[in-house]
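Asker: With the sequence up front, the predicted model follows.
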Amino acid sequence: MRETHLGVENLIYPLFVVDGQNHKSEVKSLPGQFRLSLDHLLKEVEECMNLGVKCFDLFPAVDDALKDQMATYSYSDKNFYLRYIQEVKKRFPEAIIMTDVAMDPYSSDGHDGVVKDGKIVNDETLEVLAKMTVAQAQAGADIIGPSDMMDGRVEYIREALDDEGFTDVSIMSYTAKYASAFYGPFRDALDSAPKFGDKKTYQMDPANKREARVEAELDYIEGADYLMIKPALCYLDIIHMIKEEYPVPIAAYNVSGEYAMLKAAAQNGWIEYDRAMPEMLLSIRRAGADVILTYFAKEFAQMAKSGAL
Ligand code: PBG
């Protein structure tokens, strides 16, 4: 009589990558999550694939010296991230690689868009995002994940992809991405916190629900293949609403702060982790997410395999 099913096939595993060799450093605020060099990344992907996790969302931790105002390293042919995508696809052609499109990992300002006179400017940013997108598709990305929240970027990068012949690279649009406090540990992982101000001029106000409809409508019309809601747990009502109204797959991002909270409580012995973790993921599925991006993906897969669920 169970109404909702949760399986490894519903999960996407976000992984942090760094340039170098034999490097694996734990992110302090994300126990159990690491910044990986290529050798470790390939090992990790292999282990996950054996557990049934097949889709990975890669995020680059970029050296400060390579960051600039226009995020030029993001599409440079020297970019290690692009090389890693190529290598993973070469070793594991059946792995599905999702990439991140936004300026913040490469921006000396720590913002997702171009900064001019202290403001984030929308239209100038689109061009940079398109260059980044095409470079990632050339490297072999299957799904492009624009996490920047600029207006009009889904159409802009869809056209850029099509013009270059990447008609079957899909777009998972960060549709309703809120200006949330729950991204803190992620910014630690990439050292990508904004150098000034906040992201409220492009990310959504946590108080707004109807506005998510506007964002969804735009992304849908512009050609998004999936609509994503982010974060997940404080926004289950948004997931539910968008699922009811749009006939495309719905994704939810169970973000770093949500992971960190549960891990911290578990480490203190304050919560029964093995039950709480699948319950969290199940609630996101029940709200309407077809797919969940989550740092719990590998552990969930291990639990599922061992029959603990
Ligand atoms: C930035 C980006 C963020 C996350 C994914 N892409 C953080 C932000 O908007 O500042 C957050 C993911 C997480 O917290 O797990 N483009």
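Answerer: Noted; the coordinates are in hand. Residues are numbered from 1 along each chain as shown.
Asker: The ligand contacts on the stretch 51-200 of the chain?
Answerer: Residues of the stretch 51-200 of the chain lying close to the ligand (CB under 6 Å from any ligand atom) are 100, 102, 104, 112, 147, 148, 183, 186, 187, 199. Every residue, glycine included, has its C-beta placed from N, CA and C.
Asker: Quick one: buried ones out of these?
Answerer: With burial judged by 16 or more other CB atoms under 10 Å, the buried subset of these is 100, 102, 104, 112, 147, 148, 183, 186, 199.
Asker: Select the longest helix from the chain.
Answerer: helix 122-139 (DSSP state H).
Asker: other SSEs contacting that helix?
Answerer: For helix 122-139, the packing partners by 3 or more CB pairs under 8 Å, 6 or more residues apart in numbering; DSSP states H and E come out as helix 80-91, strand 96-101, strand 114-116, strand 143-146, helix 153-163.
Asker: Need the winner for burial among these.
Answerer: Greatest average neighbour count among these goes to strand 143-146 (a mean of 26), per mean count of other CB atoms under 10 Å.
Asker: from the chain's centre, how far out does that one sit?
Answerer: Between the centre of strand 143-146 and the centre of its chain there are 8 Å (CA atoms, centre = their mean, to the nearest Å).
Asker: That one - contacts with which helices or strands?
Answerer: strand 96-101, helix 122-139, helix 153-163, strand 170-177.
Asker: circling back to that earlier point, okay, the buried ones among the residues of the stretch 51-200 of the chain next to the ligand in TSV with distance to residue 75 and pLDDT next?
Answerer: Shown next, in TSV, are those (distance: CB to CB, whole Å; pLDDT from 0 to 100):
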residue	distance to residue 75	pLDDT
100	13	98
102	13	97
104	15	96
112	15	95
147	16	96
148	14	96
183	24	96
186	22	95
199	22	95
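Asker: ok, so of those, who is nearest residue 278?
Answerer: Closest to residue 278 out of these is residue 186 (22.2 Å), distances taken as CB to CB.
Asker: contacting residues for residue 237?
Answerer: For residue 237, the contact set (CB atoms under 8 Å, 6 or more residues apart in numbering) comprises 209, 287.
Asker: And it, which helix or strand is it part of?
Answerer: Residue 237 belongs to helix 236-245 when assigned by DSSP states H and E.
Asker: so can I have CSV of the helices and strands packed on strand 143-146 showing distance to residue 286?
Answerer: CSV is the format used below for the helices and strands packed on strand 143-146 (distance: least, CB to CB, whole Å):
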stretch, distance to residue 286
strand 96-101, 23
helix 122-139, 33
helix 153-163, 27
strand 170-177, 18
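Asker: Tell me which of these lies nearest to residue 222.
Answerer: Among those, helix 153-163 sits nearest to residue 222 (CB to CB), with 3.8 Å.
Asker: From the contact counts, what lies against the closest one?
Answerer: Using 3+ CB pairs under 8 Å, 6+ apart: helix 153-163 touches helix 122-139, strand 143-146, strand 170-177, helix 210-222.
Asker: Tell me what angle the last one forms with strand 170-177.
Answerer: Taking axes from the mean of the first three to the mean of the last three CA atoms, to 10 degrees, one finds that helix 210-222 is oriented at 160 degrees with respect to strand 170-177.
Asker: before we move on, which element is residue 263 in?
Answerer: Secondary structure from DSSP H and E places residue 263 in helix 256-267.
Asker: Shouldn't residue 120 be within a strand?
Answerer: Yes - with DSSP: H, G, I helix; E, B strand; the rest coil as the criterion, residue 120 is part of a strand.
Asker: which non-adjacent residue is nearest it?
Answerer: residue 113 (4.2 Å; CB to CB, 6 or more residues apart in numbering).
Asker: residues near the one you found, how many?
Answerer: Residue 113 is flanked by 28 other residues according to other CB atoms under 10 Å.
Asker: With residue 122 as the reference, measure out to it.
Answerer: To residue 122, residue 113 is 7 Å away according to CB to CB, to the nearest Å.
Asker: what's the answer for residue 302, then?
Answerer: 42 Å.
Asker: Mind putting the helices and strands packed on helix 153-163 into TSV with distance to residue 236?
Answerer: What follows is the helices and strands packed on helix 153-163, written out as TSV (distance: least, CB to CB, whole Å):
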stretch	distance to residue 236
helix 122-139	29
strand 143-146	21
strand 170-177	12
helix 210-222	12
